[in-house]
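Participant: have a look at this prediction, sequence included:
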Amino acid sequence: MTIDLALLWPPAGAAFRVIIVVVFLFWLISLARRDVSVIDSAWSLLQLAAAITYMHAVPHIGPRAWLCLALILVWSLRLSIYITWRNHGKPEDYRYQQIRERNQPHFQWKSLYLIFGLQGFLGWLISLPLLIAISDTSSLTIFDGVVTAVFIFGFLFESIGDWQLSRFKANPENRIRVLDIGLWRYTRHPNYFGEFCMSWAIYLFALHAGGAWTIIAPLLMSTLLLKVSGVALLEKDIGERRPEYRRYITNTNAFFPWSPRKS
């Protein structure tokens, strides 16, 4: 199926405006709480907001659109609720604290574009495969079943990884230890790997509809996870703060799951 790109500009523009409103509201919350970490709770909601906007904006809705909306809905709400629960009552994430220190004075105003505006724009770019997939009104095929399985695999990988980590941290005895069992035995970032799988699954839906050009979205997401705000930033100085993590790095793959190396 080939989709007329000219017809996609109105829904794309509508989603961009909705996303800007969402990040602006979360920026206001960050001002009240003096904590820009709230953007982490908003990140998955940006994709949900875009998906709902696309559903309202496209002229016709097919079964693939409902399938994509259902997948994004479950993923988005689970991740946002989990991150909100995880961060409740805790200080601002140290990574954001470092950004705050580097951008004084008046960081509270600068954060509107440095943190919230930037993530809103990135979230919009990453949502473009969703627009193509939701615009596709053709019947579902076996291919859709395979892609859905990839998405569910990523969703479970991320969800189980988060659950295992939350259980591990709930035990005070593990405060200086490193989680190296369960999914964390095979990759140092199962949650990021799960996110990676889901972003590429959505792209495959778009590819089926002739949206090969939207490959910019999963490539961008992969770059963020591996080189920018994900693995690279999280592990920048973790070996200094937690010496046991250096052994973990030696034995365990950073991203793609694989059997741990022997010490």
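Facilitator: It's in. Owing to the predicted nature of the structure, the values given are computational and were not obtained by experimental measurement.

Participant: look up how far residue 66 lies from residue 135.
Facilitator: Noted for residue 135: a distance of 13 Å to residue 66, by Cβ to Cβ, to the nearest Å. Bear in mind the C-beta positions are built from the backbone N, C-alpha and C, glycine included.

Participant: between the two, which one's more packed in?
Facilitator: Neighbours were tallied for residue 135 and for residue 66 using other Cβ atoms under 10 Å; the higher tally belongs to residue 135 (26 against 13).

Participant: contact partners for the more buried one?
Facilitator: Under the criterion of Cβ atoms under 8 Å, 6 or more residues apart in numbering, the contact partners of residue 135 comprise 3, 7-8, 11, 54, 58, 65, 209.

Participant: and if you look at residue 180?
Facilitator: By Cβ under 8 Å, 6+ apart, residue 180 lies in contact with 248, 251-252, 260.

Participant: phi and psi next, for it.
Facilitator: Backbone torsions for residue 180, taken as degrees, to the nearest 10, come to phi -130, psi 30.

Participant: before we move on, what SS does residue 232 have?
Facilitator: Under the three-state scheme (DSSP: H, G, I helix; E, B strand; the rest coil), the conformation of residue 232 reads as helix.

Participant: start at 739, not 1
Facilitator: Will do, 739 is the new start, and the previous item becomes residue 970.

Participant: can you check the pLDDT for it?
Facilitator: Note for residue 970: predicted pLDDT of 73.

Participant: residue 833 versus that one, what's the distance?
Facilitator: Relative to residue 833, and taking Cβ to Cβ, residue 970 is found at 11 Å.

Participant: same question, residue 964
Facilitator: In this structure, residue 964 and residue 833 are separated by 16 Å, where distance is defined by Cβ to Cβ.
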